[in-house]
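*Asks:* need coordinates for the below:
(one chain, ligands or ions: 8)
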Amino acid sequence: MMVFKVAIIALTAAVGCVQGQMSDEELQRLLSGLENRPTALEKRVPLMTDDPTVAPLIDQQLFAPPVVPTGGESCEVVLLEHSFGDGSYGVPAVVPYSPPSDPSCGEVGQWAAISLNLSVYSIGTQYDRFGSIYLSHVEIWHTSSAEPTKTGTIWNTIKDVTHFTPLFAQEGDLLMDFTNIISKDLLLDGVFDVTITATFYAPTSDFGTPATADFILPLSNLSPNTSNLFVLDSDEGGTTDVSLPANTTEAYIEVFCSGNSAEEFWYQNTPDEYLSYIPESTGLVGKGPFREVQVLVDGILAGVVWPFAVIYTGGITPSNWRPLTSYGAYDAPTYWIDATPFLPILLDDSTPHNITLQVRGQGTDGASINSNWFVSGSVHGRVGNGPTTGRMTVYLAEDAAELEVTGGASADNSTLSTKVVGKRHLKIESELQTAEGVIYVSFAQDLGYQNDGAYADDGWLQWTNQSTTGQTVSTHNGRTVLRDAFDYPLQVSSNYSLYELQYGGYGSEISQNYARAIQLPTGPYQSFYSTQHAKGWIGMDDWPGLRHAINGTGETTQEFAYIDGRGETYFRDAGAKNDGWTHDLVWGTLRDADPPVPDKQIFGPGGGPGF
Ligand SMILES: *[C@@H]1O[C@H](CO)[C@@H](O)[C@H](O)[C@H]1NC(C)=O
Ligand SMILES: *[C@@H]1O[C@H](CO)[C@@H](O)[C@H](O)[C@H]1NC(C)=O
Ligand SMILES: *[C@@H]1O[C@H](CO)[C@@H](O)[C@H](O)[C@H]1NC(C)=O
Ligand SMILES: *[C@@H]1O[C@H](CO)[C@@H](O)[C@H](O)[C@H]1NC(C)=O
Ligand SMILES: *[C@@H]1O[C@H](CO)[C@@H](O)[C@H](O)[C@H]1NC(C)=O
Ligand SMILES: *[C@@H]1O[C@H](CO)[C@@H](O)[C@H](O)[C@H]1NC(C)=O
Ligand SMILES: *[C@@H]1O[C@H](CO)[C@@H](O)[C@H](O)[C@H]1NC(C)=O
Ligand SMILES: *[C@@H]1O[C@H](CO)[C@@H](O)[C@H](O)[C@H]1NC(C)=O
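*Replies:* Ligands and ions are numbered 1, 2, ... in the order given. A predicted model of the protein is given here:
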């Protein structure tokens, strides 16, 4: 992807397969929910209109609405209102946070649920910008913006943040970074007007207070006035000193991560071994398409993340993503590992301790990644009635994933193909002595990866098929406390053959799935299935010059399914074309929590007024 804008075998023993893969039955439940659409909704006739002005345009990333009690008491608190405009580059909004005191919110720290509503309005022209939100220096939201319209665009995303209850129960600072640039010269005038509202729900007789963490520690740079995540552009990670209470019995780590700049399209970066087959002038980025986010305790690998590729609203072909974005654009998925097996190390008070988040890629010349990755996280701990001691009994974790890179070019170098195959088996076990008795902890990850790349026309044409699958399972005395089974297939074909022409252009066709069954230590079982197909073309002005998109086409369809452990469901079949919604059907028990876009936003199968 252009940016305009060795085998290692387990040490001591073969590691068995982790039992935890998403079962056919789990996937089938999601798929049959999508099949089983209500007939009443099918009869809804989309509003057809030749009026091109639906102002503001409702833009959305599909998400599963938070599950909250019904019929109980709740309260809404505005946490932040801020305009990110001129001067907001690298200058976050910071406001004090206090737990809500209104009795209808419920007792502080005893909430049944907390949800956040991130609402953004923008009018004008703007690129997609990255945003992140922190409470007491712990990242709670990894987001990005729409590319707004000149008649106004609004997007609301609701996120369940109940698992951050210990942070919401104490005084702190809320910090939001939404680095934006306003520039007459660049014709960028889209300001982001942000409102963040929190809703606190008191427990009810059939919806109690969930068992969240007892304490949460940030894995971040802790800055009082800049974005708190680590900006990583080399193999050097971001390290946070940590000190856990001596009575800690469980410690989980949540990780937020995203590739940006030369790493925005990491899944299309070319292996260094084959970069020289493409003329340098095409501007392909090297260091290969494989990325692993690593979590280290005192420099020892404790677990890894093989991330889902979030495509931002300006990603690959911007006209693909308005008004329906790619999955994760406004609320990026997060990842969990269980660091409990490291408690014997972390609780040894003879030395200080730290946790490092770092990213490993495939560069063969020094640093294995390009610039840059945005990474942060937090430790979610639980305590018992006395000090924890113990010992690690099994440690099977290589420093790097097992990777195999192959490829080859045609005789005249006119076509190139590359293949990267990766896998990893990791298993870490400990025996802990706690006031509550002996706890046997077993944490395992079993991950697979394949990326097939093809290139033609000096690299201006590129095809990528990537598959990332795996499962993470952790058990404490045989009880599953964490399970994450996922499958993230991605297919991208991009065509920049006419990019350098005056009034040239570029386009793409993208298919992406997100299938995930996750049992969090601090939340209910959840399963997700999203399948998206997008295709579009952007026409540009002069070359060289500002290279604005002057017209284009774009179309995205998406089916989204959610089922959780409480039996709540949410299904959606939506589509957008040429800057308007074509259809939007929503069903399931959570339908009303994020209903379809209003009828007047639906243009019908022909799509919107165009770009
Ligand atoms: C989210 O906030 C926006 C702006 O305050 C509001 O218009 C919208 O109704 C809210 N959505 C929900 C589901 O509360
Ligand atoms: C940001 O915080 C640092 C550390 O407290 C301080 O040195 C610096 O002056 C602050 N910068 C601004 C612009 O407030
Ligand atoms: C193809 O590219 C490779 C790598 O740069 C180079 O060694 C080889 O000579 C090239 N072959 C032709 C026919 O240009
Ligand atoms: C983290 O802890 C390890 C083990 O004590 C130590 O060797 C290392 O220097 C520490 N790293 C940082 C960046 O402080
Ligand atoms: C756990 O240790 C912390 C810190 O020492 C202490 O404040 C807390 O009361 C302890 N909790 C229990 C349940 O013993
Ligand atoms: C990607 O998969 C499609 C469908 O299976 C196939 O037609 C195409 O050749 C593959 N592309 C690459 C680069 O492997
Ligand atoms: C790339 O796009 C151009 C312009 O639309 C088109 O002529 C060409 O056939 C496309 N190439 C491929 C391989 O689709
Ligand atoms: C985009 O604009 C260019 C230059 O005016 C024109 O040649 C092209 O046909 C337009 N394309 C579309 C899809 O409107």
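
*Asks:* check which residues of stretch 420-431 are buried.
*Replies:* If you call a residue buried by 16 or more other Cβ atoms under 10 Å, then stretch 420-431 has these buried ones: Val420, Val421, Gly422, Arg424, His425, Leu426, Lys427, Ile428, Glu429, Ser430, Glu431. Heads up, the C-betas are built off the backbone N, CA and C, glycines and all.

*Asks:* host element of the closest residue to the first one other than its chain neighbours?
*Replies:* By that I understand Val420. Take Val420 and drop its neighbours on the chain: the residue closest to it by Cβ to Cβ, 6 or more residues apart in numbering is Asn451, 4.5 Å away. Taking DSSP states H and E as the criterion, Asn451 maps to strand 437-456.

*Asks:* ok, the residue in the stretch 51-200 of the chain that ligand 7 sits nearest to to Tyr312 distance?
*Replies:* Taking Cβ to the nearest ligand atom, ligand 7 has its nearest neighbour within the stretch 51-200 of the chain at Glu147, 21.9 Å off. Separation of Glu147 from Tyr312 (Cβ to Cβ, to the nearest Å): 9 Å.

*Asks:* so for these two, which residue has more residues nearby?
*Replies:* Per other Cβ atoms under 10 Å, whichever of Glu147 and Tyr312 has more neighbours is Tyr312, with 26 against 22.

*Asks:* nearest residue to the more buried one in space, please, no chain neighbours.
*Replies:* Closest residue in space to Tyr312, ignoring its immediate chain neighbours: Asp128 at 4.4 Å, by Cβ to Cβ, 6+ apart.

*Asks:* touching stretch 182-192 from outside, list them.
*Replies:* By Cβ atoms under 8 Å, 6 or more residues apart in numbering, the residues outside stretch 182-192 that reach it are 83-86, 120-127, 129, 131, 145, 147-148, 178, 180-181, 546, 548.

*Asks:* tell me how many other residues crowd Lys159.
*Replies:* Number of residues near Lys159 (other Cβ under 10 Å) recorded here: 20.

*Asks:* ligand 3 contacts on the stretch 401-550 of the chain?
*Replies:* Counting by Cβ under 6 Å from any ligand atom, the stretch 401-550 of the chain comes close to ligand 3 at Ala409, Asp412, Asn413.

*Asks:* ok, the stretch 201-350 of the chain next?
*Replies:* Neighbours of ligand 3 within the stretch 201-350 of the chain, by Cβ under 6 Å from any ligand atom: Ser276, Tyr277.

*Asks:* quick check: the residue of the stretch 201-350 of the chain nearest ligand 3.
*Replies:* Closest point on the stretch 201-350 of the chain to ligand 3, by Cβ to the nearest ligand atom, is Ser276, at 3.6 Å.

*Asks:* contact partners for that residue?
*Replies:* Counting by Cβ under 8 Å, 6+ apart, Ser276 has no contacts.

*Asks:* where in this structure is pLDDT low?
*Replies:* Along the chain, segments meeting pLDDT under 70 span 1-20, 38-53, 543-546.

*Asks:* mind giving me the domain split of it?
*Replies:* Annotated domains of the chain cover 2-67+213-601, 68-212 [automatic domain parsing].

*Asks:* do the shortest one and ligand 5 meet?
*Replies:* No: Domain 68-212 lies apart from ligand 5 when judged by Cβ under 6 Å from any ligand atom; the minimum separation is 12.9 Å.

*Asks:* can that domain be said to contact ligand 1?
*Replies:* Yes: under the criterion of Cβ under 6 Å from any ligand atom, ligand 1 is reached by domain 68-212 at Asn117, Ser119, Asn156, Ile158, Thr195, Thr197.

*Asks:* and which of these is nearest ligand 8?
*Replies:* Using Cβ to the nearest ligand atom, Asn156 is the member of the residues of domain 68-212 next to ligand 1 that lies nearest ligand 8, at 30.8 Å.

*Asks:* counting contacts, what elements does the host helix or strand of the closest one pack onto?
*Replies:* Assigned by DSSP H and E, Asn156 belongs to strand 153-160. With contacts taken as 3 or more Cβ pairs under 8 Å, 6 or more residues apart in numbering; DSSP states H and E, strand 153-160 sits against strand 57-58, strand 113-122.

*Asks:* adding distance to ligand 8 and mean neighbour count, write the ones you listed out as CSV.
*Replies:* Converted to CSV, the helices and strands packed on strand 153-160 look like this (distance: least, Cβ to the nearest ligand atom, whole Å; neighbours: other Cβ atoms under 10 Å):
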stretch, distance to ligand 8, mean neighbour count
strand 57-58, 19, 20
strand 113-122, 24, 22
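
*Asks:* with distance to Ser350 added, can I get those in JSON lines?
*Replies:* Shown next, in JSON lines, are those (distance: least, Cβ to Cβ, whole Å):
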{"stretch": "strand 57-58", "distance to Ser350": "57"}
{"stretch": "strand 113-122", "distance to Ser350": "38"}
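
*Asks:* okay if I get the ones you listed as CSV plus distance to ligand 3?
*Replies:* Output for the helices and strands packed on strand 153-160, formatted as CSV (distance: least, Cβ to the nearest ligand atom, whole Å):
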stretch, distance to ligand 3
strand 57-58, 47
strand 113-122, 45
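
*Asks:* from Ala549, how far out is Leu498?
*Replies:* Counting by Cβ to Cβ, the gap from Leu498 to Ala549 is 13 Å.

*Asks:* those two: who's more crowded?
*Replies:* Taking other Cβ under 10 Å, Leu498 and Ala549 do not tie; Ala549 has more neighbours (19 against 16).

*Asks:* is it correct that that one is in contact with Gly507?
*Replies:* No: using Cβ atoms under 8 Å, Ala549 is not in contact with Gly507, being 11.3 Å away.

*Asks:* who touches both of those two?
*Replies:* Residues touching both Ala549 and Gly507 by Cβ under 8 Å, 6+ apart: Ile538.

*Asks:* using PDB, write out every CA atom in the lengthiest helix in the chain.
*Replies:* Selection of the longest helix in the chain by residue count, based on DSSP state H, yields helix 24-35. Taking Å, rounded to 0.1, in the frame of the first residue of the first chain, the C-alpha atoms of helix 24-35 are listed here in PDB:
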ATOM      1  CA  ASP A  24     -19.900 -23.700  14.400                       C
ATOM      2  CA  GLU A  25     -22.800 -23.500  16.700                       C
ATOM      3  CA  GLU A  26     -21.800 -20.000  17.900                       C
ATOM      4  CA  LEU A  27     -21.300 -18.700  14.400                       C
ATOM      5  CA  GLN A  28     -24.600 -20.400  13.200                       C
ATOM      6  CA  ARG A  29     -26.500 -18.600  16.000                       C
ATOM      7  CA  LEU A  30     -25.300 -15.300  14.600                       C
ATOM      8  CA  LEU A  31     -25.900 -16.200  11.000                       C
ATOM      9  CA  SER A  32     -29.400 -17.600  11.600                       C
ATOM     10  CA  GLY A  33     -30.300 -14.400  13.500                       C
ATOM     11  CA  LEU A  34     -29.400 -12.500  10.400                       C
ATOM     12  CA  GLU A  35     -31.400 -14.900   8.200                       C
END
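
*Asks:* got the residues of this protein near ligand 5?
*Replies:* By Cβ under 6 Å from any ligand atom, the residues of the chain that approach ligand 5 are Pro245, Ala246, Asn247, Val383, Asn385.

*Asks:* correct me if wrong, but the second one is in a strand.
*Replies:* Spelled out, it's Ala246. No: counting by DSSP: H, G, I helix; E, B strand; the rest coil, one finds Ala246 to be coil, located in no strand.

*Asks:* fine by me, we can end here.
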